[in-house]
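> Predicted model and sequence follow; I will ask about them next.
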Amino acid sequence: MCPDCELDHCESEEVHEELLSIVKNTLPEEEALYDLSELFKIFGDSTRIRILFVLFEAEVCVCDLAAALNMTQSAVSHQLRILKQNKLVKSRREGKSVFYSLADDHVRSIINQGMEHIQEDR
């Protein structure tokens, strides 16, 4: 057995009832955990992350997003639809253009914290 493998499990089976009670009382409902899991799946696509980073800087129309990311408007629109359905971006129409922005500061915070996390050991 490898030396690091011993760190993956307890040497003896002992349940710490006090800690287990705290966990049981604070663990969110299964439906909320499922919804959170689904939200994080949205962040699992690098194209959507690129779109969010553009929107981090400014409200932009689909044409500008497509140009900035070197993508077709159709491809950008498809990803924006997913982001909008998950309440990560919002849109507004101005004449013939549709402008997108981050839905709220929570989205900005999630991205900031993610970047901080991946840059910790760099």
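Noted; the coordinates are in hand. Numbers count the residues shown, from 1 in each chain.

> quick one: contacts for the closest residue to Leu39 other than its chain neighbours?
Nearest residue to Leu39, sequence neighbours excluded (C-beta to C-beta, 6 or more residues apart in numbering): Asn86, at 6.4 Å. Backbone N, C-alpha and C define where each C-beta goes, glycine included. Taking C-beta atoms under 8 Å, 6 or more residues apart in numbering as the criterion, Asn86 is in contact with 38-39, 42.

> so how far is Arg48 from Asn86?
9 Å (C-beta to C-beta, to the nearest Å).

> ditto for Thr26
In terms of C-beta to C-beta, Thr26 sits 31 Å off from Arg48.

> out of those two, which sits in the busier spot?
Arg48 (18 against 7; other C-beta atoms under 10 Å).

> In this structure the more buried one contacts Leu83, no?
Yes. With contact defined as C-beta atoms under 8 Å, Arg48 counts as touching Leu83 (6.0 Å).
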